[in-house]
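Participant: Generate coordinates for the sequence data below:
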Amino acid sequence: MNGLELSERFYTDCVKPMLSEQFLDILPYLAVGLFGSGSECFGFDDGVSTDHDFEPGVCILLPDESVVDRQTAFRLERAYYKLPKEFLGFHRSAIAPVGGARHGVLRTAEVFQDKVGSPDGVLTVQQWLTVPEHALAEATNGRLFFDGYGEVTRIREGLARYPEDVRRKKLAGHLLLMAQAGQYNYRRCLAHGETGAAQLAVHEFVQHTMAAAFLLNNVYEPYYKWSFRAMRALPKLSLLAETAEYLLSTDNEPSLAESKYDMIEDTAADVIDELQAQGLTKAICGDLEKHAYSVNDSIADGDIRNLHILAAV
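Facilitator: Sure thing, here's the model as predicted:
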């Protein structure tokens, strides 16, 4: 049983009856689910994940104090923490993990202010360009089991994907950095005898390739330690995860360097094919830099288009 399944069982067997019996008057204003930080919120948890911050629990989200007052919220907190300390063989911790509470009674506005810098989830263009992508992923992952008020659903739907012009701006920047690191600097570093620098170029190429792949799928990239896991599940370009892992995990001796460069060019070709399939570029060539500027030129909003091409990466 993974963490999301455990959380939903805990909600069904323990939390839902408690809310129905003790808080029926405010039930229409509550949302209950599990999302945020932690591998279980993405469905990525496994046997290793249970060594810390893994327990039966849910987030009970409340609107502001004008709807559910502080005293009622306090009573709800006490009722939640009185629920069984063990459930299906898993213990509930009395200590909040590093970084703050992941479960329990939380104000909706505080949750989204903490995650994306906006209490109602409405972001300015500047925020869309600069909020860390993994934070957007954590604001929209997981699952809601109940949302009587609809507020949390509305916020999460509004944050579910980048506005198209923002997606294109970010994509253009990552494509340009792919070109610089992989198609240009990798070979030059090797020619200078700088194998360490060459591996840094590979790292940059892989990092920006993965970012581009998520953007081409219109899906947020999670925190870096889950990027490969998430990339393998993407509908498009998922096979690039295997190539990226090989590029990162091999050295740059002459016997491998040329084949690695060929893999970089093959990766670029796959990305270009997808750009063309989505109508994002008018360039007809294998040079990712030209495609980067073509994607940038396709941005409808002039203010976003005229920002530096790397403004969003």
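Participant: Name the SS class of Ile284, please.
Facilitator: Secondary structure assignment for Ile284 (DSSP: H, G, I helix; E, B strand; the rest coil): coil.
Participant: For Ala160, pull up the helix or strand it's in.
Facilitator: Using DSSP states H and E, Ala160 falls within no helix or strand.
Participant: Can you name the residues that contact Cys14?
Facilitator: Pro56, Leu83, Pro84, Phe87 (C-beta atoms under 8 Å, 6 or more residues apart in numbering). Quick note: C-beta positions are derived from backbone N, CA and C, even for glycine.
Participant: tell me which element the second one is part of?
Facilitator: Read it as Leu83. Leu83 belongs to no helix or strand, assigned by DSSP H and E.
Participant: doesn't Val15 make contact with it?
Facilitator: Yes: if you go by C-beta atoms under 8 Å, Leu83 and Val15 touch, sitting 6.8 Å apart.
Participant: So for those two, which residue has more residues nearby?
Facilitator: The neighbour count for Leu83 versus Val15, taken as other C-beta atoms under 10 Å, is higher for Val15 (22 against 17).
Participant: What's the per-residue pLDDT of that one here?
Facilitator: Model confidence at Val15, given as pLDDT, is 98.
Participant: Ok, Pro97 next?
Facilitator: 50.
Participant: List the pairing partners of the worst-scoring helix or strand of the chain on mean pLDDT within its sheet, with orientation.
Facilitator: Lowest on mean pLDDT, DSSP states H and E among the helices and strands of the chain sits strand 90-91, with a mean of 88. In the sheet, strand 90-91 lines up against strand 86-87 (antiparallel) (DSSP bridges).
Participant: how distant is the strand it pairs with from the center of its chain?
Facilitator: Average the C-alpha atoms of strand 86-87, do the same for its chain, and the two points are 30 Å apart (C-alpha atoms, centre = their mean, to the nearest Å).
Participant: List of residues touching it?
Facilitator: Leu6, Arg9, Phe10, Asp13, Cys14, Pro56, Arg92.
Participant: what residues are up against Met263?
Facilitator: Met263 is in contact with Thr243, Tyr246, Leu247, counting by C-beta under 8 Å, 6+ apart.
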